[in-house]
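Colleague: With the sequence up front, the predicted model follows.
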Amino acid sequence: MLKLNELKPQVGSTSQRKRLGRGSGSGLGPTAGKGDKGQLQRSGGTSRPGFEGGQTPLYRRLPKRGFTNIHARNHSVVNLADLESKVPVELKELNLKVLQELGLARRNAERLVILGNGELTKSFKISAHRVSEAAHKKIVALGGSVEIVKVAAPQKH
């Protein structure tokens, strides 16, 4: 039986800490393994990530490409074929949150767009920010309904 007083770490799983600056016999004597003089030998002597010793760093040598559109809207596009194949029959009401939980809409999406690719045999009540004309016709033809969700105007500071 295992006893608490007989517990030991597995061989090779632990090692002693380096005792820096404890004499030349230790192998890490007066300079503590940091060498002689220079920025890296001194206390607090570190350089920032990407520093290349004064040479123009790579991130400044490469040209800038593209831009980030700060006004970009984060849409998630779902086709009727996806609704047909991946939504269980018992679900009748669909919105952005439900489709995110099912994995059909992206997690970071702010708006839901329904497009009409594919055929539909189930009836749904859909709340979306935009629905294509073809999708609207197919949903209503099966007795479903479409509600367009209005997007709140951005707040002015």
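Modeller: Structure received.

Colleague: can we go C-alpha only for contacts and neighbour counts from here?
Modeller: Fine.

Colleague: secondary structure class for the residue of the chain most remote from its centre?
Modeller: Relative to the centre of the chain, the most outlying C-alpha is that of residue 25, 50.5 Å out, by Cα atoms, centre = their mean. Assigned with DSSP: H, G, I helix; E, B strand; the rest coil, residue 25 falls in the helix class.

Colleague: which helices and strands does the strand or helix carrying residue 114 pack with?
Modeller: Here residue 114 sits within strand 111-115, counting by DSSP states H and E. On a contact count with 3 or more Cα pairs under 8 Å, 6 or more residues apart in numbering; DSSP states H and E, strand 111-115 meets strand 75-79, strand 125-128, strand 130-131, helix 133-141.

Colleague: that's a helix at residue 82, yeah?
Modeller: Yes - Residue 82: assigned to a helix according to three-state DSSP.

Colleague: confidence score at the residue lying closest to it once chain neighbours are set aside?
Modeller: Counting by Cα to Cα, 6 or more residues apart in numbering, residue 104 is the residue found nearest to residue 82 once chain neighbours are left out, at 7.5 Å. Reported pLDDT at residue 104 in the predicted model: 93.

Colleague: Thanks again, I'm all set now.
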